[in-house]
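1. mind folding the following:
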Amino acid sequence: MTAPVVSPGTDERANSEVIAAKERIGELRRELQRVYVGGTRALDMMMVALLARGHVLLEGVPGVAKTTLVKAFAAVLGCSSRRIQFTPDLLPADITGTYVLSPREGTFSLRAGPIFANVVLADEINRAPAKTQSALLEAMQERQVTIEGDRFELPLPFLVLATENPIDLEGTYPLPEAQIDRFLVRVTMGYPTAREEAQMLRMHGTESPTVRALFDAHDVTTIQAIASRVHIDDDLHEYAVALATFTRTHARVALGASPRATLGLVQAAKAHAVLDGRSFVVPEDLRAVSVAVLAHRLVLGADVETDARAREQIVEEALAKVGYRRGVRAV
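-> Numbering: from 1, shown residues only. Predicted coordinates:
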């Protein structure tokens with residue numbers, strides 16, 4: 001394996017940590033590919049979100065293996081996991097938990113909801129109305145929940161893997177903008193190619209394959225810490241801001257990418273650098289994650305609101321028109 005080029009601000013220890021993290025992530029990817037057949041983009045963005053301590057939203061029509069992928073991902077991580085099937089009658093307390101009365105002792109005790117897990121699988125999240133969806137807001141942003149005035153910390157690591165159906169399907173509710181902004185990446189999963197679908201039939205023809213737990217909670221927090229220490233130059237901070245600013249001033253955008261989106265873009269770029277075995281960020285890292293991080297956060301004008309590709313096209317336009325210029329540094 002060739003060593004990455006050393007950039008200013010990095011050292012050999014950081015490089016060795018990143019290379020070790022890349023190898024562990026490679027093991028995780030290979031294990032997932034035992035049960036998931038499809039394009040690599042969904043896997044790449046899930047790895048990015050894992051390293052960047054972010055949450056994932058997978059969108060696609062029913063039957064394209066969204067749930068299969070997130071269940072396998074949770075199993076490989078080896079952390080505690082809970083699944084929530086979102087339905088129109090689901091209540092916020094069904095997610096966070098509530099206090100229940102013990103008749104024998106005459107006291108109230110907390111019955112913790114499924115949110116108290118390292119990995120939460122939120123299946124068909126847009127099948128529930130906004131009130132129930134919002135039960136995840138505090139948990140996703142602050143890694144805590146408040147139940148009847150009492151605050152409870154969630155276990156670390158904490159990762160929400162949500163799936164949703166296209167919003168034009170019957171029985172779906174659009175996600176509130178505030179909640180969409182909490183997802184670090186959003187990935188659209190389409191139909192597999194003919195070759196991939198044939199391979200899937202061969203794999204699942206007799207007995208469905210299973211995955212092994214390769215990580216534990218400590219392993220996950222360790223590689224997340226490595227990703228957070230990846231070096232990024234100030235020039236790239238300015239480039240990230242310029243990309244976000246482009247979306248805020250675009251004629252077809254009512255609300256552009258928020259500062260939280262810019263922060264997420266930098267975190268995702270650091271994670272992408274780890275996937276490439278580098279302890280420093282390059283412009284290509286920001287470009288590689290921009291669509292997945294920024295597009296779903298844009299609120300479009302009424303004339304293009306129903307255009308499914310418009311958000312991605314605006315981010316792609318930003319990548320084409322916003323240039324990166326490296327600053328001149330004194331020697």
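
2. got phi/psi on the nearest residue in space to Arg82 that is not next to it in sequence?
-> Nearest residue to Arg82 in three dimensions, chain neighbours excluded: Pro114, at 3.6 Å (CB to CB, 6 or more residues apart in numbering). In this view, the C-beta of every residue, glycine as well, is placed from N, C-alpha and C. When quoted as degrees, to the nearest 10, the phi and psi of Pro114 stand at phi -70, psi -10.

3. Pro114 - how many residues pack around it?
-> 16 (other CB atoms under 10 Å).

4. helix or strand right after the longest helix anywhere in the chain?
-> Using DSSP state H, we find that the single longest helix of the chain is helix 12-32. Counting by DSSP states H and E, the element after helix 12-32 in chain order, helix or strand, is helix 40-51.

5. quick check: mean pLDDT of the very next helix or strand once past that following helix?
-> Going down the chain from helix 40-51, the next helix or strand is strand 56-59, by DSSP H and E. Strand 56-59 carries an average pLDDT of 91.

6. what do you get for stretch 287-296?
-> 95.

7. could you check that stretch and say which residues are buried?
-> 287-296 (16 or more other CB atoms under 10 Å).

8. which one of these is nearest Met189?
-> Ala292 (12.2 Å; CB to CB).

9. show me where the stretch 51-200 of the chain has helices.
-> 66-77, 93-96, 130-133, 137-142, 177-180, 194-203 (DSSP state H, counting those that start in this stretch).

10. ranking those by burial, who's on top?
-> Counting by mean count of other CB atoms under 10 Å, helix 66-77 has the highest mean neighbour count of the helices of the stretch 51-200 of the chain, with a mean of 22.

11. who touches that one?
-> Residues from elsewhere that reach helix 66-77 (CB atoms under 8 Å, 6 or more residues apart in numbering): 28, 31-32, 35-36, 38, 42-43, 46, 50, 56, 58, 60, 81, 83, 118-119, 121, 123, 161, 163, 189, 210-215, 220.

12. got the contact list for the residue at minimal distance from the centre of the chain?
-> Against the mean C-alpha coordinate of the chain, by CA atoms, centre = their mean, the closest residue is Val56 at 2.6 Å. Shown in contact with Val56 (CB under 8 Å, 6+ apart): 45-46, 49, 70, 159-162, 183-187.

13. ok, Val289 next?
-> Contacts of Val289 (CB under 8 Å, 6+ apart): 45, 48, 185, 265, 268-269, 271-272.

14. most neighbours, which of these?
-> Ranked by neighbours (other CB under 10 Å), the contacts of Val289 are led by Ala271, which has 32 neighbours.
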